[in-house]
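**Student:** Need a 3D model of the following:
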Amino acid sequence: MNKKAPDSSFARKLLIEVSTIVFSVLLALGVNEWRNHNANNARAENARADIVAELEANLEDVNASLQEHGALLEEMREELRALAATPDKEVDYRFNFRISFLQKRAWQSAMITQAVEHMDVSEVQSLADIYELIDTYEQQERRILDTMGNPNFYAESYLADQLRANHFNVVFANQIATLTKQKITEFLEK
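**Tutor:** Numbers count the residues shown, from 1 in each chain. I've put the predicted structure just below:
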């Protein structure tokens, strides 16, 4: 039996070709991962910039609401003091409540596009807290509007009770707005 010994130059060529192919595949995978990493970072940075702009606009709206609600609360307190001094006093009060239109589009877009996955975890947690406060504030505004939309709100026999209830609701809304303002300000100062 005449067995031919493997040609060492053929084995060497085969090893070089296989190594070149493996290296090329690994290099391509590395380049692809690098491009994906850069694209994800760019998406996260764009989302963060949009969120910051949205929070700045929301902060202006919250500040305006706090100012107007402060004046409203003072009017309500005066009316409640007058009612306490003269329980039989006829209540002639018109409730003028400013609604905030706080935005959440940038935050929602960042979650939908999964840009938040590439943002700093502590930053995402802060943003989640802020947007949860915004949701709570909107719910409180809806409670106030629901009370105002109740036909009994303006009925003479219920107006004093409704005034007391809405005074509480506006105080609570202001507390939420103040906390929201604080959290947004802290985030923007980072």
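**Student:** where does the protein dip in pLDDT?
**Tutor:** In the predicted model, the chain carries pLDDT under 70 at residues 1-6, 89-94, 151-158.
**Student:** Could you check how many residues crowd around Asn58?
**Tutor:** 23 (other CB atoms under 10 Å). Any C-beta I mention is one placed from the backbone N, CA and C, and that applies to glycine too.
**Student:** Can you name the residues that contact it?
**Tutor:** The contact partners of Asn58, by CB atoms under 8 Å, 6 or more residues apart in numbering, come to Leu102, Gln103, Ile134, Thr180, Ile184.
**Student:** check contacts around the fourth one.
**Tutor:** With contacts defined as CB under 8 Å, 6+ apart, the neighbours of Thr180 are Asn58, Val62, Ile130, Leu133, Ile134, Tyr137.
**Student:** still on that earlier bit, just the contacts of Asn58: which are in helices?
**Tutor:** If you go by DSSP state H, the contacts of Asn58 have Ile134, Thr180, Ile184 in helices.
**Student:** Put together a markdown table for these, with distance to Ala160 on each row.
**Tutor:** Shown next, in a markdown table, are those (distance: CB to CB, whole Å):
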| residue | distance to Ala160 |
| --- | --- |
| Ile134 | 32 |
| Thr180 | 30 |
| Ile184 | 36 |
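**Student:** what's the closest non-adjacent residue to Glu54?
**Tutor:** Ala106 (4.1 Å; CB to CB, 6 or more residues apart in numbering).
**Student:** Could you do Gln103 as well?
**Tutor:** Using CB to CB, 6+ apart and skipping residues adjacent in sequence, the residue nearest Gln103 is Glu54, 5.0 Å away.
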